[in-house]
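Chemist: here's a sequence, model it:
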Amino acid sequence: MDKVSTISGRAIPLGLKNVDTDVIIPAHWLKTVSREGLGKGAFETIRAAPGNPFDVEDFAGAPILIAGDNFGCGSSREHAAWAMLDMGLTAVIAPSFSDIFSGNAFKNGILAVELPQEQVDRLLEVAKEHPITIDLENQVVTTPFQDRFAFEIDPFRKHCLLNGLDEIGLTLERDETIETHEKQRAGSLPWLDAPKKHRREPA
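Modeler: Got it, this is the predicted structure:
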């Protein structure tokens with residue numbers, strides 16, 4: 001998982017409330033177990049409408065999405081986070097998130113920033129023409145107009161995102177402890193590592 005520290009650039013001003021995971025990645029895209037290529041189907045129904053923000057050239061490759069309340073509701077499909085990453089999104093700002101989506105986003109290295117509605121509205125306005133910066137280390141969202149919006153984040157999630165640690169990475173951080181435990185166990189419970197004898201099948 002890539003490290004997340006400062007995310008800066010254009011932000012897609014979506015602003016819609018209750019965007020569920022079926023909107024983020026429709027069900028007919030779920031036939032694959034690969035994470036690659038899902039970005040093509042991300043927000044498919046919204047992108048099909050003329051004048052949608054995803055088709056604005058200025059937002060091409062934007063790393064940030066600004067959404068409305070209850071983003072990521074609906075089914076628990078992890079493909080939603082995969083699709084967003086595949087289209088280049090590494091952060092979402094919204095007034096609130098579905099708990100399941102928030103967890104899937106975190107596990108895949110997407111920063112979910114929760115801010116009050118009035119601050120989200122301000123960012124939606126700024127994003128139309130100007131970049132936005134998210135500083136995870138200092139937990140603040142800023143704009144070129146001196147806007148400075150502080151946000152809260154679970155310390156454990158912050159640590160993992162800053163250091164690019166997924167579940168495997170967290171386990172490897174304890175490599176020495178695990179190795180010490182295995183050596184102690186081998187000394188006190190040697191039969192656990194003894195080769196199993198094959199039982200002879202009756203004739």
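Chemist: low-scoring stretches of the chain, by residue?
Modeler: 167-176, 178-187, 191-192, 194-203 (pLDDT under 70).
Chemist: strands along that one, start to end?
Modeler: 6-9, 11-13, 64-66, 91-94, 111-114, 132-135, 140-142, 148-150 (DSSP state E).
Chemist: the second one - contacts with which helices or strands?
Modeler: Right, the one you point to is strand 11-13. Counting contacts by 3 or more CB pairs under 8 Å, 6 or more residues apart in numbering; DSSP states H and E, strand 11-13 is packed against strand 64-66, helix 117-127. Using the backbone N, CA and C atoms, a C-beta is placed for each residue, glycine as well.
Chemist: dump the strands of the chain to CSV, plus mean neighbour count and distance to residue 48.
Modeler: Below are these laid out as CSV (neighbours: other CB atoms under 10 Å; distance: least, CB to CB, whole Å):
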stretch, mean neighbour count, distance to residue 48
strand 6-9, 15, 25
strand 11-13, 25, 16
strand 64-66, 27, 18
strand 91-94, 26, 21
strand 111-114, 22, 26
strand 132-135, 20, 26
strand 140-142, 19, 30
strand 148-150, 14, 32
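Chemist: the ones you listed: which one's closest to residue 49?
Modeler: strand 11-13 (14.1 Å; CB to CB).
Chemist: circling back: single out the most deeply packed of the helices and strands packed on strand 11-13.
Modeler: strand 64-66 (a mean of 27; mean count of other CB atoms under 10 Å).
Chemist: now do residue 98 against residue 74, distance only.
Modeler: Plainly put, residue 98 is 7 Å away from residue 74 if you go by CB to CB, to the nearest Å.
Chemist: about what we covered before: got the strands of the chain as TSV, with distance to residue 58 columns?
Modeler: Converted to TSV, those look like this (distance: least, CB to CB, whole Å):
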stretch	distance to residue 58
strand 6-9	11
strand 11-13	10
strand 64-66	13
strand 91-94	18
strand 111-114	21
strand 132-135	13
strand 140-142	19
strand 148-150	22
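Chemist: tabulate the helices and strands packed on strand 11-13 in a markdown table, adding columns for distance to residue 57.
Modeler: A markdown table is the format used below for those (distance: least, CB to CB, whole Å):
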| stretch | distance to residue 57 |
| --- | --- |
| strand 64-66 | 17 |
| helix 117-127 | 15 |
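Chemist: show me what contacts the nearest residue to residue 82 once chain neighbours are set aside?
Modeler: Setting aside the residues directly before and after it, residue 82 is nearest to residue 35 in space (CB to CB, 6 or more residues apart in numbering), at 4.2 Å. Contact analysis of residue 35 by CB atoms under 8 Å, 6 or more residues apart in numbering lists 82, 85, 86.
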